[in-house]
Each structure stands twice: as structure tokens, then as C-alpha cells.
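[1] Okay, here's the prediction I keep looking at, along with the sequence it came from:
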Amino acid sequence: MLDACSTQVPDALQDAQPAADTVHAMREQIERMQAELRFEKTRNEALNFEIARLKRWRFGTSSESLDSTTQTVLFDAIVADTAIEDRAAQDEVKPPPAATAAKRQAVRQALPAGLPRVERHHEIEATHCECGQALKRIGEEVSEQLDCVPAQFFVLRHIRGKYACACCQSIQAVPMPAQMIDKGIPAPGLLAQVAVAKHDDHLPLYRQSEIYARSGVHIPRSSMAQWIGICGVRLTPLAEALKDFIVGHDVVHADETPIKLLAPGKGKTSRAYVWVYRTTNFVAVNGKGRAVLYDFSKSRGGENARRVLQGYAGTLVSDDFSGYHALQAQGVTAALCMAHARRKLYEAHQFNGSEIASHAVALIAKLYEVEREARELEPQARWLLRQRHAKPVVDALHAWLSGQRQKLAKADVTAKAIDYALSNWRGLTHYLDDGQVPIDNNAAENAVRPLAIGRKNWLFVGSQQAGERAAVVLSLIESAKLNGHDPWAYLKDVFERLPTLKHRDLAQLLPHNWRPPDTTAGADSAPIAAAA
């Protein structure tokens, strides 16, 4: 009997071994399927995130504000107050419902006192009352309306007296003043109007031709295109001087944006780029003028940035584009944009509901609160304020992101946003060590907006030469606006003075040095005033 039992036990063990192997195999299969399920879930979340982001880019608003929590409202107020992103900031501010309703009620503002007044008198026809008594005028009621007259053209006649000497049998006359376009029809004011309308008002030349035709003047768009091309060539020395001025600063913003370039003879377009180089907003606090330079190129290669910034060894504020990395070999210090890091975290919260990202955005809001106070300070005082109030927040943000990253999968959207911030942490926080460096690159992104609006109207650039000349004109127009000048008045004065100005005096016409001329005489505007 003992032998029978001993025989049955091995048999039972042999039967249990396959069952254990089966259970183990099933567990491995379940774990593998669960891992695949987690991977597919993460990938679906990433794809849904991309779809949501593309929908927002195509159909949504530009606002990046979160729910109306205390920290978020604070951040929105800070962004609105910085005026770095004008239109986006206005969208981001979310006042209480009562304030919103009050804001919708338009308040009529007084008409500008400097505008000329054209009076129209209205008097009653009757001179006597119904009772037969003569009416006596005791006063008047005055109401004002705003009116306008379409663009008016006038012919500027240059009359040069001719004097003869009977003895010498010679004739003398004052030479014709030098013009931007020799023997050309357009006067400086018309050249400035065409250039500003195209590059600042974003009106293609065919639209301008229609507008001017309504005023009785036919200007072919081919002629206007030629005028703008000549102006671009004549203004190139000014643009070069503007570049030297920008590169002479310790801190420079940089960004780039794509535009379409027409391929000759093919009827197709290729992708070209316009690079933007801009001084910081802090230079205005120090009493120096602001400036922006646009540079056209056919590619996005880093050699374009190295060409413009050749010899520069300051701090470059930009995004994490690899084209700027090679500049570090010539001594350039990289400072990256905090707004880029915030945007990735915001999108992770907005489209995936990530509370981790929401908390990080709230911490970044505190950094912008410090920047609001530091904006008007001198660099040393700004650095000290950042060290006292911003650096502890930055340390807390780094610790939070590092701790939360370990809990997330590699493919998670929030993890990618955190990875971007942590991998670029040194560049993102460089502004803490230098009071002249801004926290983000929004100043350069703001300078890109005229191009973003313009390419929706003129669609593409006809040639590389046209792109380079357009960049020259746009640089001067936008720099004039940065310094508070009327771009038309600035270009008109430049077109009048540049033909006779010596090269050593070019700095006088740079937008940050330019001062409006005395227009009290108003000789050229007399025909317009008379016509009105």
C-alpha cells in the first residue's frame, strides 16, 4: 500500500507541473496584453492630443488661459499688462461677468481736437412766431460728426527760375533736387504711401491700384512694384546700419517664420524663411531706442543666423531651434523662451486634463508676476528682485517637474512637455542670472505678426530679390513703429533726405534717432487743405 501511495504522488506532481506552466504562460500573456493596452491607450491619447491641438490652431482662439482660478487670473492679468502679445493678451484676460457686460457698452469718445472743423449752419426758415412776434436768436446747439475724404492726390510742381547773362550768353538755373527715383513721377509722399500700404497695411498692389483709381489716378501695379524695388535698394544702407545697431546690444531676440517663394517658370512655390532680430523691451527703460531687423533667406539653415550675427558674442533669446546652437561656438549665450515651455504644459492640461501641467503653469504664473514688477527697473535691480522672488519659485518648479516625471510614461503628452522643460532648463532659467535678459521670446514673436498677417494677403514672394528688398522696407517700418513714429511720416522724410545725405550721417535717419521735421509751414499739404 505504501508503494501504491508513493507511486500516486509523483503522478500527481507530474500532472500539476503542466498546470503551473499554463498558469505562468497565461499570466505572462495577460501582462503582455496589459502592456500593449497601456501603450495603445497612451498612443491614442497622444493622437487625440495632436488632433485637438490642430483643431485649436485651425479653428480655436489664441487664448492660453486656464479656468478662472486665483493663480490663473493672476497670470492672465500679468500677460495682459506686459503688452508683449497685444491681441492674444486681450483675449486672455477674463474679467468677471459684470465687468464683461459693462465693457461691451461702447463709450463715445470726444473727437480729436486737432482735426480741422468744417462748419455747416442750419437755421430755421421762419422769422416770426405763430403769434406774430419776431424771433430773436438766443444761442445755438452744436453737434459734431466724424467725416473723411478718400486719399487725395495733388501734383507737386517744381518751378526753377532760369536766368540769362546777356554778356556771357549763358543761362543758369537751380538744379533739380535729388530724388529717390531719378526722373520718376512719384514724390516722396506717394512712395511712402505705397510702401506703407503694402508692408504695414498689407494691401497688395492690385488693391492699391483700385483704391487710387477711385481718386481719379491710374497707377499700374507694375509701376508700383518697380518703385518699391528701387526703394528697397536705396534703403539697404539704412538696413545695414540698423543691423549693426541691433548686434551692438548685449541681448538680442531671434526668431524665424516661413513664407512662400515663387519658383520661376514652374508655377509652384517653395518654402523660404524670414528671420527676425530684435532688441529687447528693456532698452526703452534705459533710454535707448528699440529696433527690429528682418532678413530674407531661401532656407532655414543655421548659416543664415551666423551670417547676420557674425562676430556677435552676447546673449541670444530664442526657441530651441537647432539652427541657433552653432552660434555658441563663437561665444553666444543661449537664453530660451519660458513661454514655449508654458505653452506645451498648457496644451497638456487643456487637451488631456493634466493636473500636473496645470500646477506647473500656475507656478510659471508666479514668475511672470515677478517680471511685472521688474519690467521698469534697472538691470541690477531687476536681477536682485529675480534672485529674491523668482529663483525660489524656479527651484520649486524644477523639483515638482522632476518628481512628477518619474510617474509618467515616456509617450505621455505631459511627460513630453516636462522633458522639454527639463532638457532646456539651463537656457530657460538663464534670465535669472542677467538682469538684461527677458523671461521669454515674445518680443520676437510679436515682430513676426506683420509677416503672418501679410502673407495671408500677398500669398507669396515673387523672387529672392523681391524678398530681400521687402525685408529692408519692413525693417524700417516696424522699427519706426516700435519707437512711436508714424511710418508714413518717417519714410516720407527719409525719401526726401536720403538722396543728398552723406553715408557718415546715415545714423540720423535710423528710426531710434529720427525726429519728425517741423511741419508748421505745411507747404506740401496746402493743396489738400485748399481742396478740402
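    Looks like it arrived, so ask away.
[2] low-confidence ranges in the stretch 51-200 of the chain?
    52-53, 55-106 (pLDDT under 70).
[3] tell me, what residue is most central in this structure?
    Closest to where the C-alpha atoms of the chain average out (Cα atoms, centre = their mean) is Asn446, at 1.8 Å.
[4] That one sits in which helix or strand?
    helix 442-458 (DSSP states H and E).
[5] Give me the buried positions along that helix.
    By neighbour count on 16 or more other Cβ atoms under 10 Å, the buried set for helix 442-458 is 442-448, 450-451, 454-455, 458. In this view, the C-beta of every residue, glycine as well, is placed from N, C-alpha and C.
[6] so what's Ala396 up against?
    Leu363 (Cβ atoms under 8 Å, 6 or more residues apart in numbering).
[7] Tell me how far the helix holding Asn446 lies from the chain's centre.
    The chain centroid and the centroid of helix 442-458 are separated by 5 Å under Cα atoms, centre = their mean, to the nearest Å.
[8] Over to stretch 253-265?
    16 Å.
[9] hmm, who's touching the helix holding Asn446?
    82, 84-86, 198-200, 202-204, 253-255, 257, 259-260, 274, 276-278, 280-281, 292, 294, 317-318, 337, 339, 474, 478.
[10] if we can go back for a sec, any idea how far the residue nearest to the centre of the chain is from Asn304?
    Using Cβ to Cβ, to the nearest Å, one gets 21 Å for the distance from Asn446 to Asn304.
[11] try Pro379
    Where Asn304 is concerned, Pro379 sits at a distance of 30 Å (Cβ to Cβ).
[12] Which helix or strand contains Leu261?
    Counting by DSSP H and E, Leu261 is part of strand 251-263.
[13] Direction-wise, compare that strand with helix 442-458 and give the angle.
    Orientation note: strand 251-263 sits at an angle of 20 degrees relative to helix 442-458 (axes from the mean of the first three to the mean of the last three Cα atoms, to 10 degrees).
[14] Okay, buried residues for strand 251-263 please.
    In terms of neighbour count (16+ other Cβ under 10 Å), strand 251-263 has its buried residues at 251-257, 259, 261-262.
[15] Next: stretch 303-321.
    304-306, 308-309, 312, 314-320.
[16] Which residues outside whatever helix or strand Leu191 lives in are in contact with it?
    Element membership for Leu191, per DSSP H and E: helix 188-199. Helix 188-199 has contacts (Cβ under 8 Å, 6+ apart) with 151, 153, 180-181, 186, 203-205, 208, 224, 227-228, 231, 450, 454, 458, 470, 473-474, 477, 487-489, 491-493, 495-496, 524.
[17] Report the buried members of the residues you listed.
    153, 180-181, 186, 203, 205, 208, 224, 227-228, 231, 450, 454, 458, 470, 473-474, 477, 487-489, 491-493, 495-496.
[18] Restricted to helices, list the residues you listed.
    The members of the buried ones among the contacts of helix 188-199 that map onto helices under DSSP state H are 205, 208, 224, 227-228, 231, 450, 454, 458, 470, 473-474, 477, 487-489, 491-493, 495-496.
[19] I'd like the average pLDDT over stretch 283-299.
    Averaged over stretch 283-299, pLDDT sits at 84.
[20] cool, stretch 313-331 as well?
    Averaging pLDDT residue by residue across stretch 313-331 gives 91.
[21] same thing with stretch 443-450?
    92.
[22] Just the buried positions in stretch 406-424, please.
    Applying 16+ other Cβ under 10 Å to stretch 406-424 flags 408, 412-415, 417-421, 424 as buried.
[23] same check, this time on stretch 337-351
    Buried residues in stretch 337-351 (16+ other Cβ under 10 Å): 337-342, 344-351.
[24] out of these, who's nearest Val370?
    Within the buried residues of stretch 337-351, proximity to Val370 (Cβ to Cβ) peaks at Met338, which comes in at 11.6 Å.
[25] Using CSV, write out the CA atom coordinates for stretch 347-363.
    Extracted in CSV, the C-alpha atoms of stretch 347-363 (Å, rounded to 0.1, in the frame of the first residue of the first chain):
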residue,chain,number,x,y,z
GLU,A,347,-1.7,72.2,-24.0
ALA,A,348,-1.1,69.1,-21.9
HIS,A,349,-3.7,70.4,-19.4
GLN,A,350,-6.1,71.9,-22.0
PHE,A,351,-6.4,68.8,-24.2
ASN,A,352,-5.5,66.0,-21.7
GLY,A,353,-6.8,67.4,-18.5
SER,A,354,-3.4,67.1,-16.8
GLU,A,355,-3.4,68.4,-13.3
ILE,A,356,0.4,68.1,-13.2
ALA,A,357,0.7,70.5,-16.1
SER,A,358,-1.9,72.8,-14.5
HIS,A,359,0.1,73.1,-11.3
ALA,A,360,3.3,73.8,-13.4
VAL,A,361,1.5,76.6,-15.3
ALA,A,362,0.4,78.1,-12.0
LEU,A,363,4.0,78.2,-10.8
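[26] from the chain's centre, how far out does it sit?
    26 Å.
[27] Repeat that for stretch 241-255.
    For stretch 241-255, the distance to the chain centre is 17 Å (Cα atoms, centre = their mean).
[28] Could I get the average pLDDT for that stretch?
    In the prediction, stretch 241-255 has an average pLDDT of 94.
[29] Correct me if wrong: Trp227 contacts Ala187.
    No - Trp227 is beyond contact range of Ala187, at 11.1 Å (criterion: Cβ atoms under 8 Å).
[30] Tell me where the stretch 201-350 of the chain has strands.
    Taking DSSP state E, counting those that start in this stretch as the test, the strands found in the stretch 201-350 of the chain are 251-263, 268-279, 292-297, 315-318, 333-336.
[31] how far does stretch 142-150 sit from the chain's center?
    34 Å.
[32] closest one to Asn513 among the strands of the stretch 201-350 of the chain?
    Per Cβ to Cβ, nearest to Asn513 of those: strand 268-279, 13.7 Å.
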